[in-house]
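Asker: Here is a sequence with its predicted model. Questions after.
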Amino acid sequence: MADNVVVALDVGGTGIKCALVDATGRVHHSERHATGRERGPDAVVATVLEIAEGLARTAVSAGLRPEAVGVVVPGVLDETAGMAVWSANLGFREVPLRELISRRLGLPVALGHDVRAGGLAEARLGAGRGFRHVLFVPIGTGIAAAHVVDGRVLAGAHGAAGELGHVVVRADGPPCDCGLRGCLEALASAAAVARRYAERAGSAGSAGSADRTLGADQVAALAAAGDPIAGAVWRDTINALADGLLTGLALFDPEAVVVGGGLAEAGEALLTPLGAALRARLTFHREPVLVRAALGDEAGCLGAGLIAQDALDQETP
């Protein structure tokens with residue numbers, strides 16, 4: 001008897017991570033493809049459909065039975081209607097992804113948000129296992145959050161819950177792409193860390209800062225090695241993150257905070273000072289367990305598999 005699997009796709013602005021996943025979370029086959037967003041949103045949709053169809057064929061040829069499809073994308077979604085309402089990264093505007101994929105493959109389709117799917121995977125399969133209340137905070141080009149309770153991610157009334165990156169932590173801070181000033185994302189995302197280091201190193205004009213296009217993980221390494229400019233940028237980053245997470249604790253009261261994304265690659269250089277800074281700010285709050293994400297960039301794809309499996313389970317009488 002063939003094993004049942006779901007087709008899982010995590011569609012990002014640069015790449016598409018996809019897999020065939022069974023009900024236990026085991027990956028039977030995985031692939032990566034370029035998104036090709038420079039070709040326009042219609043071409044991206046066509047690519048998604050081709051990849052999903054190809055994965056279903058791969059499943060059958062391997063003796064597996066594809067039961068459903070889970071696809072996650074960034075941006076604003078109407079998960080009930082299966083609509084990708086708006087995505088700056090992909091150029092999507094009112095794209096009925098669920099209907100398009102279901103019509104192409106003849107399978108039920110679940111559509112979800114990439115960050116919430118990643119949080120779901122970390123809570124059920126990754127660093128958040130064993131905790132009932134998990135706050136997943138990926139810190140990459142931007143900053144977001146997913147609140148997972150008893151293995152169920154909460155999206156909010158309009159699908160916009162968890163925008164922790166747009167909590168204002170410095171009223172006089174730099175402008176944010178959302179239109180406000182001093183948002184956490186504008187101060188402490190990996191992109192912001194790299195940008196602020198480049199600005200300060202350029203102003204200092206020191207020989208030791210000749211390479212001013214460093215990534216956030218490299219800035220963290222320089223800070224640990226005693227570079228004064230990197231050290232100042234890193235301290236500002238830690239303090240901004242601690243202020244943002246404090247708001248997250250007040251709102252969600254999680255048992256565990258799982259930190260992911262590119263900035264988490266700094267490991268203990270991030271978690272140790274961040275834990276200390278957060279601890280120093282606690283009053284009535286209960287201190288959460290602060291851990292690094294375990295699933296890396298596979299979290300979104302695994303989460304896509306989970307939402308597809310959940311949709312199947314809900315259909316089972």
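Answerer: Done, it's in. Residues are numbered from 1 along each chain as shown.
Asker: Hmm, Glu31 is touching Ala19, no?
Answerer: Yes: with contacts counted by Cβ atoms under 8 Å, Glu31 reaches Ala19, the gap being 7.3 Å. (Each C-beta comes from the backbone N, C-alpha and C, glycine too.)
Asker: Which one's more surrounded, those two?
Answerer: Higher neighbour count among Glu31 and Ala19: Ala19, with 24 against 15, using other Cβ atoms under 10 Å.
Asker: and the more buried one, that one's in a strand?
Answerer: Yes: judged by DSSP: H, G, I helix; E, B strand; the rest coil, Ala19 forms part of a strand.
Asker: dump the residue contacts of it.
Answerer: 8, 27-31, 55, 301-302, 305 (Cβ atoms under 8 Å, 6 or more residues apart in numbering).
Asker: and if we set it to 7 Å?
Answerer: Contact analysis of Ala19 by Cβ atoms under 7 Å, 6 or more residues apart in numbering lists 8, 27, 29-30, 301, 305.
Asker: same check, this time on Arg195
Answerer: Contacts of Arg195 by Cβ under 7 Å, 6+ apart: none found.
Asker: Buried residues in the helix or strand that it is a member of, which are they?
Answerer: Using DSSP states H and E, Arg195 falls within helix 190-204. Across helix 190-204, burial judged by 16 or more other Cβ atoms under 10 Å covers 190-194, 196-198, 200-201.
Asker: Could you work out the end-to-end span of stretch 32-50 for me?
Answerer: Its first and final residues considered, stretch 32-50 spans 13 Å by Cα to Cα, to the nearest Å.
Asker: quick check, distance from that stretch to the centre of its chain.
Answerer: Its chain's C-alpha centre and that of stretch 32-50 lie 20 Å apart, by Cα atoms, centre = their mean, to the nearest Å.
Asker: Stretch 280-289 too?
Answerer: Using Cα atoms, centre = their mean, the offset of stretch 280-289 from its chain centre is 24 Å.
Asker: Straight-line length of it, end to end?
Answerer: Termini of stretch 280-289 sit 15 Å apart (Cα to Cα).
Asker: Quick one: mean pLDDT over that stretch.
Answerer: In this model, stretch 280-289 carries a mean pLDDT of 96.
Asker: got the residue ranges for the strands in the chain?
Answerer: Secondary structure of the chain (DSSP state E): strands at 3-11, 15-21, 27-34, 64-73, 76-78, 83-87, 92-95, 109-113, 133-138, 146-149, 152-154, 256-260, 289-292.
Asker: Can you mark which positions in the fourth one are buried?
Answerer: Judged by neighbour count using 16+ other Cβ under 10 Å, the buried positions of strand 64-73 are 64, 66-73.
Asker: which pair in those residues spans the largest distance?
Answerer: Farthest-apart pair in these is Leu64 and Val73; separation 24.6 Å (Cβ to Cβ).
Asker: Helices of the stretch 151-300 of the chain, start to end?
Answerer: For the stretch 151-300 of the chain, the helices defined by DSSP state H, counting those that start in this stretch occupy 184-188, 190-204, 216-224, 228-252, 268-281, 299-315.
Asker: Distance to Phe92 added to the ones you listed, as TSV?
Answerer: Shown next, in TSV, are those (distance: least, Cβ to Cβ, whole Å):
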stretch	distance to Phe92
helix 184-188	21
helix 190-204	22
helix 216-224	28
helix 228-252	28
helix 268-281	32
helix 299-315	16
